[in-house]
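Asker: I would like the atomic coordinates for the input below:
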Amino acid sequence: MKIGISLETTKVLRNTWHSVVNHEWYDFLSGHSLQPLICHDKYNAKDFDLIILCGGNDMPGMPTWRDNSYPIRDQFEKDLLNDAIEHKVPVVGICRGSHFMNWALGGTLRYLPEPYDNVTVELENLTVTCHHTIAIDQLASGFEILKQDKSGVIELSVDRQRRLLSVGWHPERSVNAHTRDMVLDLIGKL
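Answerer: Just a heads-up that it's a prediction; the model follows:
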C-alpha cells in the first residue's frame, strides 16, 4: 500500500520552520510504502492508496500554548482532503488531523477545560494516552462516533461514505501500540 503522510510543521528546532515525521510511523506501518507530504508541494490524492493527516500544529483560529499555527499547512491539507474525497481515497486523521478533518468538513471544535497532555483516557474496552488542547464539539455531517471518553470527548469516529477515519490518539506512538491492529482493521474497512 502506498501511503501519503502529511507532516507536522514546527519551529522548535533552531527557530525556523521544519517539516517533520515521527519515525514511529515506520514501525506502525511497516511493510507499506510511506511518502512524506510536504505542504509546500502539490500532490494528487489518487496517486495514493491511503492518506494520513498527522498531528501537530494548532488549528486555524485556535491558538494554544504551542503557538505553532501554520496556515500554509492548513490550506494544503484542506485541498488534499477535498481531492481525496473526490477520488474516493481513504483518509485517516490522527489527533490534530482528526480535528482538522472535522473542522474542514463543517464540524466545530472547542477548547478542553483541562488539556490532555500525556493523559490516560478510558474508552469503552480500550485505554489510550492522549495529547489534546482542543476537542471535537459538533461532528461534521456524515461522521458517526465509535468511541468517546466519559466526559464526552470524541476519540474515534468514521464517515464510511467518504472513507474517512478520525482517531483522537496517536496509534503510531509506542505508548498506544496496543491500538494499532484495531486502527489498521478500521482502515481496511474504509
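Asker: and residue 28, how far is that from residue 64?
Answerer: Separation of residue 28 from residue 64 (C-beta to C-beta, to the nearest Å) stands at 25 Å. (C-beta placed from N, C-alpha, C; glycine too.)
Asker: next: residue 36.
Answerer: 24 Å.
Asker: hang on, the earlier thing: residue 28 and residue 64: which is more packed in?
Answerer: Counting neighbours by other C-beta atoms under 10 Å for residue 28 and for residue 64 shows that residue 28 has the greater number, 21 against 15.
Asker: show me what contacts the closest residue to the more buried one other than its chain neighbours?
Answerer: Distance criterion C-beta to C-beta, 6 or more residues apart in numbering; nearest residue to residue 28, sequence neighbours excluded, is residue 172 at 4.4 Å. Residue 172 sits next to 22, 24-25, 27-29, 54, 94 when contact means C-beta atoms under 8 Å, 6 or more residues apart in numbering.
Asker: equivalent analysis for residue 51, please.
Answerer: Per C-beta under 8 Å, 6+ apart, neighbours of residue 51: 3-6, 37, 45, 80-81, 84, 89-92.
Asker: same check, this time on residue 128
Answerer: By C-beta under 8 Å, 6+ apart, the neighbours of residue 128 are 120-121, 155, 168-169, 176, 179.
Asker: and it, what helix or strand is that in?
Answerer: strand 126-136 (DSSP states H and E).
Asker: quick revisit: show me the contacts of residue 51 that map onto strands.
Answerer: 3-6, 37, 91-92 (DSSP state E).
Asker: now those residues in CSV, with neighbour count?
Answerer: Below are the ones in strands among the contacts of residue 51 laid out as CSV (neighbours: other C-beta atoms under 10 Å):
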residue, neighbour count
3, 19
4, 23
5, 22
6, 30
37, 24
91, 27
92, 25
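Asker: just to revisit the earlier point, how far off centre is the strand holding residue 128?
Answerer: 12 Å (C-alpha atoms, centre = their mean, to the nearest Å).
Asker: quick revisit: columns distance to residue 150 and pLDDT on top of the contacts of residue 51, output as a markdown table?
Answerer: Shown next, in a markdown table, are the contacts of residue 51 (distance: C-beta to C-beta, whole Å; pLDDT from 0 to 100):
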| residue | distance to residue 150 | pLDDT |
| --- | --- | --- |
| 3 | 33 | 97 |
| 4 | 35 | 96 |
| 5 | 31 | 95 |
| 6 | 31 | 94 |
| 37 | 35 | 95 |
| 45 | 36 | 97 |
| 80 | 34 | 97 |
| 81 | 30 | 98 |
| 84 | 33 | 98 |
| 89 | 34 | 98 |
| 90 | 30 | 98 |
| 91 | 28 | 98 |
| 92 | 25 | 98 |
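Asker: ok, those vs residue 106, which is closest?
Answerer: Of all the contacts of residue 51, residue 106 sits closest to residue 81, with 12.1 Å by C-beta to C-beta.
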